[in-house]
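J.: Provided below for reference: sequence and predicted model.
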Amino acid sequence: MGGVSSKSVKVCEDRIGLLELACQRRDQLEEAQNKYHYSLGKRFPEILEAQFQVAYKSGNNVSKLLKTEDVGAQSCGEGTFSKLCRSLTTSLLGRVGSACNVELGDKLPRNKQHSSTLKELCEWETKLYNEVKKLDKDGGEVAKSCAVDNFKEIQKLRDGELQQQIGELLKALWSDWKVMSECHSIQKDIMSKAETYDVLKINDASTYKKIKVLKQDLSNWRRCFAAYISSQKAYVGALDSWVSHWFPSFCEDDIDENHNLSLLLQTWSSAGLEELPVKEVTDAMKSLEKQVEELKVQLRKEGKQKRKVKRLKRRVQELKIKVIKFDDEGDDEKLGSLEYKLSEEEKAFHSRIEKREVAANAVCTGFSSVFESLAEFSETCYEKIAEFSVIDKREHVRCGGAKRRLKSVTATLVI
């Protein structure tokens with residue numbers, strides 16, 4: 001029996017390692033979600049405020065399931081784009097579905113968090129490992145009985161709480177994606193109709209700094225988006241590896257052939273995460289970054305030309321005073337030459353303004369493209385969840401009502 005149980009010790013040891021890795025990946029996923037939430041900054045178009053509010057409220061249920069602290073809705077102006085982050089970070093948990101018959105309407109006690117279930121499973125895996133080591137060393141029916149009991153507890157938690165948590169997460173995600181698809185579509189329309197980027201309505205000395213920070217915020221947004229998706233994939237993969245790993249051989253008679261959770265995770269990973277149009281979103285973000293960089297360049301050139309015109313105007317004014325005072329013919333010729341140069345530089349300045357306006361309009365178009373890609377991303381997600389999962393028809397009605405309320409709110413916006 002020693003050889004069989006020695007192999008079982010290794011199996012249990014591997015299971016602990018896989019589950020601990022899954023716990024680490026879950027923590028990393030939560031951290032990535034929080035970073036993504038704060039990555040969107042405070043310098044984005046304020047005309048999207050209504051959608052940010054809807055996005056924020058839509059993501060609360062998923063955040064609670066992930067044990068993510070609620071940072072609270074923020075007012076207009078500062079933090080407006082962070083509400084969009086709530087829509088994205090909570091909705092980006094993945095396009096998952098289940099080919100198995102899992103009822104997503106099942107409710108879990110609100111005092112039991114997903115992370116708590118994973119920690120409890122780690123404790124039971126450790127108990128199983130310790131009992132199997134005793135069985136390997138001393139043998140005996142008592143140790144075997146304890147090991148089997150621990151195995152049954154693991155199986156009970158896995159097929160009960162953990163599976164229900166994944167199912168409830170799917171339900172929350174489906175509802176969230178439904179709202180987000182409509183929300184991002186409206187945001188796309190708003191930015192496609194915007195005449196210019198609102199931060200440029202007053203082109204003062206601080207504008208260049210604002211655009212420079214915007215560029216940094218956009219880069220951070222894209223990086224956090226990519227990190228969030230990769231951490232999600234890592235978590236699902238790690239959890240699936242643990243769920244799919246075999247148990248000690250002496251537990252075979254007690255194994256419940258319930259593969260629902262494994263199928264859920266595999267569907268989430270293969271039919272969900274691997275097929276998400278992530279590249280379309282990140283490419284749109286990269287393009288927007290380039291457009292903002294071009295806007296920054298044009299602002300710098302415009303500012304330089306503006307200062308040049310200002311200096312020439314001052315020189316022309318000084319020379320005019322001199323001509324009037326001394327009536328010098330030579331100064332009069334210089335004045336004419338200088339006024340001609342000023343006229344040419346003013347033309348160049350107006351040309352710079354036009355180029356800046358073109359660049360600003362391109363930024364609006366870039367924002368519109370980003371939201372379009374996010375709208376398609378969201379639509380793909382909720383459609384895939386509905387395709388593979390059991391969704392109560394009442395949820396369709398409820399989400400339809402949410403979409404109508406969203407349209408009602410945005411109807412008051414004047415572009």
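T.: On my side now, so go ahead.
J.: for the protein, which segments count as helices?
T.: 2-38, 49-65, 80-91, 114-138, 141-157, 163-193, 207-244, 260-266, 278-326, 329-388, 393-410 (DSSP state H).
J.: pick out the shakiest of these, pLDDT-wise.
T.: When those are ranked by mean pLDDT, helix 80-91 comes last with a mean of 34.
J.: redo the helices of the chain as TSV? Include mean neighbour count and distance to residue 251.
T.: Just so you know, the C-beta spots here come from the backbone N, C-alpha and C atoms, and that holds for glycine as well. Formatted as TSV, the helices of the chain follow (neighbours: other Cβ atoms under 10 Å; distance: least, Cβ to Cβ, whole Å):
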stretch	mean neighbour count	distance to residue 251
helix 2-38	18	8
helix 49-65	22	30
helix 80-91	26	38
helix 114-138	18	9
helix 141-157	17	5
helix 163-193	23	19
helix 207-244	19	15
helix 260-266	21	17
helix 278-326	16	39
helix 329-388	18	30
helix 393-410	14	38
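J.: reformat those helices as CSV; add distance to residue 252.
T.: Converted to CSV, the helices of the chain look like this (distance: least, Cβ to Cβ, whole Å):
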stretch, distance to residue 252
helix 2-38, 11
helix 49-65, 34
helix 80-91, 40
helix 114-138, 14
helix 141-157, 10
helix 163-193, 21
helix 207-244, 16
helix 260-266, 17
helix 278-326, 40
helix 329-388, 30
helix 393-410, 40
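J.: now do the same contact list for residue 331.
T.: With Cβ atoms under 8 Å, 6 or more residues apart in numbering as the criterion, the residues that contact residue 331 are 319, 322, 323.
J.: make it 6 Å
T.: Taking Cβ atoms under 6 Å, 6 or more residues apart in numbering as the definition of contact, the neighbours of residue 331 are 322, 323.
J.: look up how far residue 321 lies from it.
T.: Look at residue 331 and residue 321: by Cβ to Cβ, to the nearest Å, they are 10 Å apart.
J.: got the contact list for residue 157?
T.: Contacts here follow Cβ under 6 Å, 6+ apart; on that basis residue 157 touches residue 121.
J.: again, only this time at 10 Å
T.: 117, 118, 120, 121, 123, 124, 163 (Cβ atoms under 10 Å, 6 or more residues apart in numbering).
J.: also residue 18?
T.: Residues in contact with residue 18, defined by Cβ under 10 Å, 6+ apart, are 125, 238, 239, 240, 241, 242, 243, 244, 245.
J.: rerun that using 8 Å as the cut-off
T.: Contact criterion Cβ under 8 Å, 6+ apart gives 238, 241, 242, 245 as the residues in contact with residue 18.
J.: and if you look at residue 184?
T.: Residue 184 sits next to 51, 87, 371, 372, 374, 375, 377, 378 when contact means Cβ under 8 Å, 6+ apart.
J.: report the separation between it and residue 214.
T.: Separation of residue 184 from residue 214 (Cβ to Cβ): 20 Å.
J.: cool, and residue 33?
T.: Using Cβ to Cβ, one gets 23 Å for the distance from residue 33 to residue 214.
J.: JSON lines for the contacts of residue 157, including distance to residue 287?
T.: Supplementary listing: the contacts of residue 157 in JSON lines, determined by distance: Cβ to Cβ, whole Å:
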{"residue": "117", "distance to residue 287": "41"}
{"residue": "118", "distance to residue 287": "39"}
{"residue": "120", "distance to residue 287": "46"}
{"residue": "121", "distance to residue 287": "44"}
{"residue": "123", "distance to residue 287": "48"}
{"residue": "124", "distance to residue 287": "49"}
{"residue": "163", "distance to residue 287": "41"}
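J.: which pair of these spans the longest distance?
T.: Of all pairs drawn from these, the greatest distance, 18.6 Å, lies between 123 and 163 (Cβ to Cβ).
J.: contacting residues around the nearest residue to residue 319 once chain neighbours are set aside?
T.: Excluding its sequence neighbours, the residue lying closest to residue 319 (Cβ to Cβ, 6 or more residues apart in numbering) is residue 335, at 4.8 Å. Residue 335 sits next to 316, 319, 320, 323 when contact means Cβ under 8 Å, 6+ apart.
J.: all set now, cheers.
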